[in-house]
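Visitor: A predicted structure for the sequence below; I have some questions about it.
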Amino acid sequence: MNGAERSRPEREAVIIGYGFEYLVMAVNCARSIRTSNPGLATTLVTNVPVDPAALADVFDRVVVRDEPTDRNRLVKTSILDHTVGGRVLYVDADSEVVGDLDPAFRLLDRFDVGLKAHAVPVNKPFELAPGVPGGTFTHFHGGMLLLRDVPAARDLLAHWQRRMLESGLSRDQPALARTVYDLPELRLIVVGPVWSADEWEVERLFDADKHEAPRIRHYARPHLDVAVAERLRTTLERLLPALPETVLADPDVARVREKYRRITHPLFRSRLTRRVYLAAAHRLGLLGGRGAVDVLDRRSIAQGRPYTRDAGRLWQD
């Protein structure tokens with residue numbers, strides 16, 4: 001924890017930043033919270049040995065864990081072990097908070113858990129229960145969680161982790177759907193995309209004249225959002241002085257820096273010049289000994305690799 005020990009806040013937002021690129025995203029997300037919700041306590045959980053004092057302007061608490069990046073989902077499904085607030089918002093690092101979160105926290109006056117429903121089921125076939133195909137049941141977005149720090153919410157997280165581990169799947173949404181099915185007594189409020197809108201939802205579901213605007217936006221492709229890419233690159237460069245030499249020497253830091261340099265380049269922004277620019281940048285990078293850089297790569301496989309080899313078990317009891 002950075003700074004003096006604080007009394008327990010009523011409300012807290014927590015972000016996981018495992019691996020350098022997700023740490024950059026987490027800092028950007030926290031900055032958006034500071035802008036839109038000043039005064040809300042913020043916590044970072046990371047495995048990057050960052051200096052907490054260097055992040056004091058955006059995080060009230062920094063929890064550094066010495067463990068591999070592929071354990072990030074285990075941290076997510078035990079997130080209340082790393083928070084101190086009575087009411088907690090977990091939000092994925094690749095999000096930006098752009099509106100007042102007070103109504104979301106007020107939902108926890110009556111409910112223990114809040115989850116956002118997906119408009120369509122995930123594309124992984126499984127059985128929710130005998131005779132109930134998973135695709136016929138509501139799926140939930142695991143990138144935003146509203147949690148009261150009570151036994152029922154902790155039980156949800158523990159159950160979700162068990163279901164995820166036994167499945168061997170690389171995504172956590174099917175395990176979360178099965179968990180909700182397993183816990184019918186849970187005081188759960190299901191919310192819509194206002195509280196975590198994906199790119200396509202922003203583009204297709206919201207009409208500025210008719211709908212409440214999204215208050216949390218989840219971007220999956222920063223390379224296609226010029227403003228987000230610019231903010232991430234600025235955040236990245238500001239973050240570097242807070243990192244020890246052992247981290248700065250990691251080739252992944254150089255990869256991420258080069259990636260954001262490319263996706264913020266003027267020639268990348270135009271579809272007419274993007275392909276030619278990337279091909280030239282690729283060749284120059286190889287000639288300079290910098291290796292290949294994929295602008296689509298966020299190390300998603302490492303971030304969500306299966307925890308068991310028995311993927312064939314899926315949801316069989």
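Guide: Here it is on my side, so go on.

Visitor: List the residues that contact the closest residue to His218 other than its chain neighbours.
Guide: Nearest in space to His218, with sequence neighbours left out and distances taken as C-beta to C-beta, 6 or more residues apart in numbering, is Ser95 at 4.7 Å. All C-beta spots, glycine's among them, are computed from the backbone N, C-alpha and C. Under the criterion of C-beta atoms under 8 Å, 6 or more residues apart in numbering, the neighbours of Ser95 are Cys29, Gly143, Met144, Ser196, Ile216, Arg217, His218, Tyr219.

Visitor: And what about the second one, helix, strand or coil?
Guide: Which is Gly143. Three-state call for Gly143 (DSSP: H, G, I helix; E, B strand; the rest coil): strand.

Visitor: how close does it get to Met25?
Guide: Between Gly143 and Met25 the distance is 12 Å, computed by C-beta to C-beta, to the nearest Å.

Visitor: Looking at the two now, which is surrounded by more residues?
Guide: Met25 (27 against 20; other C-beta atoms under 10 Å).

Visitor: so that one touches Ala93, yeah?
Guide: Yes. Using C-beta atoms under 8 Å, Met25 is in contact with Ala93, at 3.9 Å.

Visitor: what do those two both touch?
Guide: Gly17.

Visitor: Ramachandran coordinates for the residue nearest to His218?
Guide: phi -140, psi 160 (degrees, to the nearest 10).

Visitor: in the protein, which ranges drop under the pLDDT threshold?
Guide: 1-7, 169-171, 207-209, 291, 298-317 (pLDDT under 70).

Visitor: how about a cut-off of 80?
Guide: Residue ranges of the chain with pLDDT under 80: 1-7, 119-125, 167-172, 200, 202-211, 287-292, 296-317.

Visitor: hey, where'd the strands end up in it?
Guide: 11-17, 41-46, 61-64, 87-91, 95-97, 113-117, 127-129, 132-133, 140-148, 188-191, 197-198, 216-218 (DSSP state E).

Visitor: Save these as CSV, and put in distance to Pro251 too.
Guide: Putting those into CSV (distance: least, C-beta to C-beta, whole Å) gives the following:
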stretch, distance to Pro251
strand 11-17, 19
strand 41-46, 19
strand 61-64, 21
strand 87-91, 29
strand 95-97, 27
strand 113-117, 36
strand 127-129, 42
strand 132-133, 44
strand 140-148, 28
strand 188-191, 40
strand 197-198, 31
strand 216-218, 28
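
Visitor: Ser78 is nearest to which of those?
Guide: strand 41-46 (10.0 Å; C-beta to C-beta).

Visitor: Specify which member of the contacts of Ser95 is nearest to Tyr260.
Guide: Nearest to Tyr260, judged by C-beta to C-beta, of those is Tyr219 at 13.6 Å.

Visitor: my read: that closest one touches Ala93, true?
Guide: No. In this structure Tyr219 lies outside contact range of Ala93 using C-beta under 8 Å: 10.6 Å.

Visitor: So for stretch 138-157, what gets flagged as buried?
Guide: 139-149, 152-157 (16 or more other C-beta atoms under 10 Å).

Visitor: likewise stretch 268-282?
Guide: Residues of stretch 268-282 classed as buried: Phe268, Arg269, Arg274, Tyr277, Leu278, Ala281, His282 (neighbour count, 16+ other C-beta under 10 Å).

Visitor: List every C-alpha atom in it, with coordinates, as CSV.
Guide: Only the C-alpha atoms of stretch 268-282 are listed here, as CSV (Å, rounded to 0.1, in the frame of the first residue of the first chain):
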residue,chain,number,x,y,z
PHE,A,268,-1.5,4.3,-39.7
ARG,A,269,-4.8,6.2,-39.2
SER,A,270,-5.7,6.2,-42.9
ARG,A,271,-6.8,2.9,-44.4
LEU,A,272,-5.3,4.0,-47.7
THR,A,273,-1.8,4.1,-46.2
ARG,A,274,-2.0,1.7,-43.2
ARG,A,275,-1.0,-1.5,-44.9
VAL,A,276,2.0,0.0,-46.8
TYR,A,277,3.1,1.8,-43.6
LEU,A,278,2.9,-1.3,-41.5
ALA,A,279,4.8,-3.3,-44.1
ALA,A,280,7.6,-0.7,-44.2
ALA,A,281,7.7,-0.4,-40.4
HIS,A,282,7.9,-4.2,-40.2
